[in-house]
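> this one's structure only:
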């Protein structure tokens, strides 16, 4: 138990922003050793769960920060909620360990040191995929994120997605558990992947880039964001930042999630004010709470596209809401419970969209939490030209959370082969190209703007086209030979 807790916690330190990759090797090797020494599948389940408990408690500690934002009415609930979340999430690596240990004990030929890595990697990936889908999903810090310190090593996600990248990562990171030859092979595989990644990544160039986009990061503290006495001042700061020199050259101004500190309804007197932030011939894209004529019909967490006349010419309503943070289950059926938990729920948007505006390349908007979900950020229909991501990570202070959130945005850009423009309230705002490279950014708790031309898209990627079918093919290619004892001779003990 203790070894599992510690090694899982150490592996979490390999994630952004620390990127201590050797600790991922330690964590995954110990995970395999604990699995290999388990006398029963039940013991493997317990050891894998302990590993996951340490891993997710450290990897998701940043959630506690939100409970201490003034007025901090529920601050005492923060630590137990994070621990409770880790307790639940720990069962996913535990499940991978239990199923494969049961199989290895039932069919001893599966226990060869190379086969066990393959089968564990496949089971690990299935467990990660389930974690990203069960009960609305929580695919935070998948194993493939350990490579975000080097963009060339992320390019495999364009073929197999971040879950498939995690499969290959497991094989490489845990390779020393199978002996020194496997460790050398794993190291060589990283080198080959790096060279291949560099080969597919063109140099960063200003040529063939699109219209100019201004990203505005106001750095508004969460404790001040919704205060009535500060709302007008916060909005004025956004407009002033927007009007900095160069404003007239922009095609798009991009504000963060819920940047407008008011609820926008049809005919709102705020719309003419917001029109002042629209560049000539362009658009303001801003996060805002959107409501219909009757507030009782609900409020949506939305992205609004506003033209120079102050008209909302397009909008997107967030589809994947944060459970308990933005959405209270059964809030309409059980309104007293919703009132006890907080201010209530946003309504769920209908679907992901591709938005086409005159003179602007089509884009798919994603709001905050939605960007962590692979294969679930682009609308149906013709492929968009870029991705717009607005977020408000002010809840989480200067913790690891915003940096890990940025890592997810980078992986979505690689998977879809599309550039991504990201506006964050307190950071990290960024321009990300179609290869996951951060071309420009504003770090945490900085106020300012980013002016950048829209980077080019790459040709449609295999994962962007077929999504998790590519992952399925990878798992079949790895798993079937191990199960069918092919090739047999070298894989036996």
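Looks like it arrived, so ask away. None of these values were measured; they are calculated from a predicted model.

> CA only for contacts and neighbour counts going forward, please
Noted.

> Pull the contacting residues for the residue sitting nearest the centre point of the chain.
Taking CA atoms, centre = their mean, the centroid of the chain lies closest to residue 372, which sits 2.4 Å from it. Residue 372 makes contact with 139-140, 405, 408-409, 412 under the criterion CA atoms under 8 Å, 6 or more residues apart in numbering.

> elements contacting the host helix or strand of residue 105?
Element membership for residue 105, per DSSP states H and E: helix 91-106. With contacts defined as 3 or more CA pairs under 8 Å, 6 or more residues apart in numbering; DSSP states H and E, helix 91-106 has these neighbours: helix 21-36, helix 41-59, helix 113-131.

> For the first one, what does the pLDDT average out to?
In this model, helix 21-36 carries a mean pLDDT of 97.

> same question, stretch 128-140
Average pLDDT, stretch 128-140: 96.

> Which residues belonging to that stretch are considered buried?
Buried residues in stretch 128-140, counted by 16 or more other CA atoms under 10 Å: 128-129, 131-132, 137-140.

> Now the two most distant members of these.
For the buried residues of stretch 128-140, with distances taken as CA to CA, the pair at the greatest spread is 129 and 140 (11.0 Å).

> Quick check, pLDDT for residue 403.
pLDDT, residue 403: 98.

> and whichever helix or strand it is part of, what other elements does it pack with?
Using DSSP H and E, residue 403 falls within helix 401-416. Under the contact definition 3+ CA pairs under 8 Å, 6+ apart, helix 401-416 sits against helix 157-173, strand 420-424, helix 462-466.

> Nearest to residue 368, out of those?
Here strand 420-424 is closest among the helices and strands packed on helix 401-416 (CA to CA), at 8.7 Å.

> and the angle from that closest one to helix 401-416?
Strand 420-424 runs at 160 degrees relative to helix 401-416, counting by axes from the mean of the first three to the mean of the last three CA atoms, to 10 degrees.

> Identify each buried residue in strand 420-424, please.
Across strand 420-424, burial judged by 16+ other CA under 10 Å covers 420-424.

> Check which element follows it along the chain.
Where DSSP H and E defines the elements, the next helix or strand beyond strand 420-424 is strand 429-432.

> Neighbouring strands - and their directions - for that following strand?
strand 420-424 (antiparallel), strand 438-442 (antiparallel) (DSSP bridges).

> How about residues contacting the strand or helix carrying residue 482?
Assessed by DSSP H and E, residue 482 sits inside helix 468-483. The contact list for helix 468-483 (CA under 8 Å, 6+ apart) reads 110, 115, 118-119, 122, 159-161, 163-164, 375, 462-463, 487.

> if you set the cut-off to 6 Å instead, what comes out?
For helix 468-483, the external contacting residues (CA atoms under 6 Å, 6 or more residues apart in numbering) are 115, 122, 160, 164.

> Rebuild these as JSON lines, extending it with neighbour count and distance to residue 319.
Conversion of the contacts of helix 468-483 to JSON lines gives the following (neighbours: other CA atoms under 10 Å; distance: CA to CA, whole Å):
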{"residue": "115", "neighbour count": "23", "distance to residue 319": "41"}
{"residue": "122", "neighbour count": "25", "distance to residue 319": "30"}
{"residue": "160", "neighbour count": "28", "distance to residue 319": "24"}
{"residue": "164", "neighbour count": "29", "distance to residue 319": "25"}
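
> Go through the contacts of residue 372 and name the one nearest residue 198.
If you rank the contacts of residue 372 by distance to residue 198 using CA to CA, residue 412 comes first, at 18.6 Å.

> Quick check: phi and psi at the residue nearest to the closest one when sequence neighbours are not counted.
Distance criterion CA to CA, 6 or more residues apart in numbering; nearest residue to residue 412, sequence neighbours excluded, is residue 374 at 6.5 Å. Main-chain dihedrals, residue 374, degrees, to the nearest 10: phi -60, psi 150.

> for residue 154, same thing?
With angles defined as degrees, to the nearest 10, residue 154 sits at phi -90, psi -10.

> That one - how many residues pack around it?
Counted with other CA atoms under 10 Å, residues neighbouring residue 154 total 27.

> Tell me the confidence at it?
The model's pLDDT for residue 154 equals 98.

> Roughly how far does it sit from residue 301?
Residue 154 sits 31 Å away from residue 301, going by CA to CA, to the nearest Å.

> repeat for residue 116
Remark: distance between residue 116 and residue 301 (CA to CA) = 46 Å.

> Thought residue 422 was touching residue 391, still the case?
No - the pair residue 391 / residue 422 is not scored as a contact, 7.7 Å apart, by CA atoms under 6 Å.

> Burial check on residue 280, number of neighbours?
Applying other CA under 10 Å, I find that residue 280 has 15 neighbouring residues.

> which SSE is it in?
Using DSSP H and E, residue 280 falls outside every helix and strand.

> Now do the contacts for it.
Going by CA under 6 Å, 6+ apart, the list of residues near residue 280 is empty.

> What of residue 204?
By CA under 6 Å, 6+ apart, no residues touch residue 204.

> what's the helix or strand for it?
Counting by DSSP H and E, residue 204 is part of no helix or strand.

> Where does pLDDT dip in this structure?
Where the chain drops to pLDDT under 70, the residues are 109-111, 206-208, 329-344, 485-493.

> Can you pull the domain assignment for it?
By the assignment in automatic domain parsing, the chain contains the domains 2-202+469-491, 212-455.

> Report the distance from the longest one to the chain centre.
Remark: domain 212-455 is offset 15 Å from the chain centroid, using CA atoms, centre = their mean, to the nearest Å.

> what's near enough to touch residue 370?
residue 320.

> So for stretch 107-127, what gets flagged as buried?
Applying a neighbour-count criterion of 16+ other CA under 10 Å, the buried positions in stretch 107-127 are 109-127.

> typo on my end, it should be stretch 235-249
235, 238-239, 241-243, 247, 249.

> Mind picking the two most distant members of the residues you listed?
Pairwise distances across the buried residues of stretch 235-249 (CA to CA) peak at 21.9 Å, for the pair 235 and 249.

> got CSV for the helices and strands packed on helix 401-416, with distance to residue 39 too?
Formatted as CSV, the helices and strands packed on helix 401-416 follow (distance: least, CA to CA, whole Å):
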stretch, distance to residue 39
helix 157-173, 23
strand 420-424, 48
helix 462-466, 39
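
> nearest to residue 53, of the ones you listed?
Nearest to residue 53 among the helices and strands packed on helix 401-416 is helix 157-173 (18.3 Å), distances taken as CA to CA.

> How far does the following helix or strand past that closest one sit from its chain's centre?
Reading on from helix 157-173 to the C-terminus, the next helix or strand found by DSSP H and E is helix 180-200. Put simply, helix 180-200 sits 25 Å off its chain's centre (CA atoms, centre = their mean).

> Please apply the same query to stretch 66-75.
Here stretch 66-75 is found 24 Å from its chain centre; the criterion is CA atoms, centre = their mean.

> measure it end to end?
Length of stretch 66-75, first residue to last, CA to CA: 8 Å.

> in that stretch, what counts as buried?
By neighbour count on 16+ other CA under 10 Å, the buried set for stretch 66-75 is 66-69.

> What is the nearest of those residues to residue 362?
Using CA to CA, residue 66 is the member of these that lies nearest residue 362, at 34.2 Å.

> Does that closest one touch residue 395 like I think?
Yes - contact criterion CA under 6 Å: residue 66 and residue 395 qualify, at 4.8 Å.
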